[in-house]
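[1] Sequence first, predicted coordinates after that:
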Amino acid sequence: MRRHHRETARFPNRKSQLRLWLFASILIPAMNASAGELYGRASVIDGDSLRIDDYELRLHGIDAPEFRQTCVREGVAEPCGIRAKNALTQMVGSNNVRCTWTERDSYGRLLATCYVEGENLNARLVAAGLALAYTRYSTRYEPEQRQARSAGRGVWSTVFSPPWQWRREQPR
């Protein structure tokens with residue numbers, strides 16, 4: 001009899017079990033939610049990555065030249081990776097940045113679209129020819145890339161390897 005009493009003390013009735021199940025079904029997905037928004041001062045890591053507080057963000061749908069990557073204009077190598085980082089640093093300035101994200105990449109970074117004063121930084125980098133539309137993951141920035149390419153802006157006025165190809169070719 002005592003044993004039966006202990007079991008009913010944990011879940012006195014079916015209604016309590018149902019409440020616990022409902023609470024868990026709401027709480028557990030919320031704890032694992034993979035979407036959100038960050039707002040604050042950002043530091044630039046490279047041409048397509050930022051840090052806000054303890055969060056590293058990768059700008060979704062774009063790929064900027066790597067920091068050590070160069071592009072060639074009239075036979076002269078230019079630091080297009082450094083140029084992309086400097087441009088993003090200038091775009092961010094001392095402004096607060098608002099980033100929305102829906103998932104993480106394989107390195108744990110938040111894949112984000114970021115804005116300064118309402119302007120989409122991802123789109124602005126592609127439109128300036130400082131980053132490429134990363135069509136393997138998104139076609140969102142193809143129009144900006146077409147315009148930058150036809151106008152010969154940024155890397156489109158040089159001979160360059162797309163960043164994803166450049167990374168593959170680097171010794172490990």
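    Looks like it came in fine. Just so you know, these numbers come straight off a predicted model, no measurement behind them.
[2] make it CA atoms for all contacts and neighbour counts henceforth
    Will do.
[3] Going along the chain, name the helices of the protein.
    In the chain, the helices defined using DSSP state H lie at 2-10, 14-31, 80-92, 121-127, 142-151, 163-169.
[4] Where among those helices is average confidence lowest?
    The stretch with the lowest mean pLDDT among those is helix 2-10, at a mean of 44.
[5] so what's Ala131 up against?
    By Cα atoms under 8 Å, 6 or more residues apart in numbering, the residues touching Ala131 are Gly47, Asp48, Ile62, Asp63, Ala64, Pro65, Ala84, Leu125, Val155.
[6] which of the residues you listed lies closest to Val76?
    Nearest to Val76 among these is Val155, at 13.3 Å by Cα to Cα.
[7] Could you find the closest non-adjacent residue to that closest one?
    Spatially, and ignoring its direct neighbours in sequence, Val155 is nearest to Gly129 (5.5 Å; Cα to Cα, 6 or more residues apart in numbering).
[8] Against Phe160, how distant is Gly81?
    Distance from Gly81 to Phe160, counting by Cα to Cα, to the nearest Å: 11 Å.
[9] joint contacts of those two?
    Any residue near both Gly81 and Phe160 by Cα under 8 Å, 6+ apart counts here, and that gives Thr70.
[10] Between the two, which is the more surrounded one?
    Using other Cα atoms under 10 Å as the criterion, Gly81 and Phe160 rank with Gly81 on top: 24 against 19.
[11] Contacts only, for the more buried one.
    Counting by Cα under 8 Å, 6+ apart, Gly81 makes contact with Asp46, Gly47, Ala64, Pro65, Glu66, Phe67, Arg68, Gln69, Thr70.
[12] Isn't the residue nearest to Val155 up against Thr158?
    No. Using Cα atoms under 8 Å, Gly129 is not in contact with Thr158; the gap is 10.3 Å.
[13] more crowded one of these two?
    Set Gly129 next to Thr158 and count neighbours by other Cα under 10 Å: Gly129 wins out with 25 against 19.
[14] Please report the distance of the more buried one from Ser49.
    Distance of Gly129 to Ser49, given as Cα to Cα: 16 Å.
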